[in-house]
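Colleague: Here is my input, please return the structure:
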Amino acid sequence: MKNRLYLAFIAIFLFTHVFSTTANAYTYGDPNKEDLAEAYKEMLIELDKNPPDFITARKHYENVKEEVDMHMGPDPSKIILQNLEDKDKEQTIENLDELLVLNIARRLENIDKNFSEFDTSKRLLAKALATYEALSPKIVAKDSDLDKEIKAEFDKALESLGNPGLFGVGQKEPDQDTFKTSKEKILSTLQTEFDIKSLEVGHFSESATETDKVTNNAWTDPSNIRNWIPIIIIVSVIAAVVFVAKRKRKSNK
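Modeller: This next block holds a predicted model:
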């Protein structure tokens with residue numbers, strides 16, 4: 001009896017663990033920290049000093065310059081580096097704000113263009129949110145309710161990605177129209193708040209050059225043998241429970 005209860009407990013634990021793990025795939029998860037947003041926060045710290053430390057701020061920017069140039073062209077970097085050279089704190093911060101908004105637009109546009117790729121879209125949305133989190137304090141200072149509205153649109157965008165489920169379990173169809181609506185609300189609001197004339201500065205990268213591209217669906221690809229291991233374990237434990245129960249019955253006869 002104890003063996004049967006023990007095996008049953010293991011089966012339940014494994015089943016719960018597997019599906020709680022896959023459920024985590026449908027939250028933002030770890031955005032892996034957007035490098036540009038992290039550099040932005042470090043630069044603000046240096047520029048907030050008295051006097052501002054433009055040299056260290058420049059070093060932080062140079063850590064992400066290559067990525068910025070790759071995805072948005074050389075103009076943003078040229079302007080920001082010139083601002084730092086001129087020791088123009090206000091203009092540097094203003095252009096950094098614009099750069100972060102452009103980065104959010106780039107992430108959201110790439111999701112829209114490759115909407116069917118759930119894992120890629122989820123990761124890019126997490127990075128877009130991480131970028132917004134760096135700008136969020138400025139929105140909160142002006143209008144905390146607006147900040148909540150923007151974050152609510154990010155949540156709606158996440159929900160619109162759907163849920164591929166695990167072998168069809170918990171599957172939910174994506175809704176690109178809902179995503180487009182949230183995307184437009186987020187971008188139009190940020191464009192207005194930061195007084196940006198256009199979000200078309202430079203160029204947006206296609207998925208072929210997107211460094212955050214996920215080439216396979218880690219938890220939904222049936223060809224990946226690792227996805228079958230939890231199922232095999234659960235089936236094996238259940239079979240063991242049945243086997244022990246049958247032996248127990250025979251021994252009691």
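Colleague: which regions of the protein sit below the pLDDT cut-off?
Modeller: 1-32, 167-168, 170, 201-231, 235, 237, 239-242, 244-245, 248-253 (pLDDT under 70).
Colleague: Try it again at 90.
Modeller: 1-33, 116, 163-173, 199-253 (pLDDT under 90).
Colleague: which residues touch stretch 177-196?
Modeller: With contacts defined as CB atoms under 8 Å, 6 or more residues apart in numbering, stretch 177-196 is touched by 97-98, 101-102, 104-105, 108-109, 111-112, 115, 132, 135, 139, 142, 146, 149-150, 153-154, 156-157, 159-161, 199. Where C-beta positions appear, they are placed from N, C-alpha and C, glycine not excepted.
Colleague: buried set for it?
Modeller: Residues of stretch 177-196 classed as buried: 179-180, 182-183, 185-187, 189-191, 193, 196 (neighbour count, 16 or more other CB atoms under 10 Å).
Colleague: Can you get me the start-to-end distance on stretch 40-53?
Modeller: 14 Å (CA to CA, to the nearest Å).
Colleague: one step back: among the buried residues of stretch 177-196, pick out the one closest to residue 54, please.
Modeller: residue 196 (23.9 Å; CB to CB).
Colleague: quick one on the thing from earlier: let me know the closest of the buried residues of stretch 177-196 to residue 85.
Modeller: Of these, the one sitting nearest to residue 85 (CB to CB) turns out to be residue 196, at 23.0 Å.
Colleague: Mark which of the contacts of stretch 177-196 are buried, thanks.
Modeller: Looks like the contacts of stretch 177-196 have 97-98, 101-102, 104-105, 108-109, 111, 115, 132, 135, 139, 150, 153-154, 156-157, 159-161, 199 buried, using 16+ other CB under 10 Å.
Colleague: Mark which of these are part of helices, please.
Modeller: 97-98, 101-102, 104-105, 108-109, 111, 132, 135, 139, 150, 153-154, 156-157, 159-160 (DSSP state H).
Colleague: what about residue 234, neighbour count?
Modeller: 17 (other CB atoms under 10 Å).
Colleague: Secondary structure element holding it?
Modeller: Element membership for residue 234 (DSSP states H and E) is helix 229-252.
Colleague: can you tell me which of the buried residues of stretch 177-196 are in helices?
Modeller: Applying DSSP H to the buried residues of stretch 177-196, the entries found in helices are 179-180, 182-183, 185-187, 189-191, 193.
Colleague: Just flag the most distant two among those residues.
Modeller: 179 and 193 (21.2 Å).
Colleague: quick one, strands of the stretch 1-150 of the chain?
Modeller: Using DSSP state E, counting those that start in this stretch, the stretch 1-150 of the chain contains no strands.
Colleague: what ranges do the helices span in it?
Modeller: Using DSSP state H, counting those that start in this stretch, the helices found in the stretch 1-150 of the chain span residues 2-23, 35-47, 54-62, 65-72, 75-85, 89-113, 118-142, 144-160.
Colleague: For residue 238, which of the ones you listed is the nearest?
Modeller: It is, among the helices of the stretch 1-150 of the chain and with distance given as CB to CB, helix 2-23, at 5.6 Å.
Colleague: May I see the domains of the protein written out as residue ranges?
Modeller: 1-30+230-253, 31-221 (automatic domain parsing).
Colleague: just these: most buried one?
Modeller: Mean neighbours per residue, mean count of other CB atoms under 10 Å, is largest over the domains of the chain for domain 31-221, with a mean of 17.
Colleague: Just the endpoints, please. Distance across stretch 71-80?
Modeller: Stretch 71-80 end-to-end distance (CA to CA) = 16 Å.
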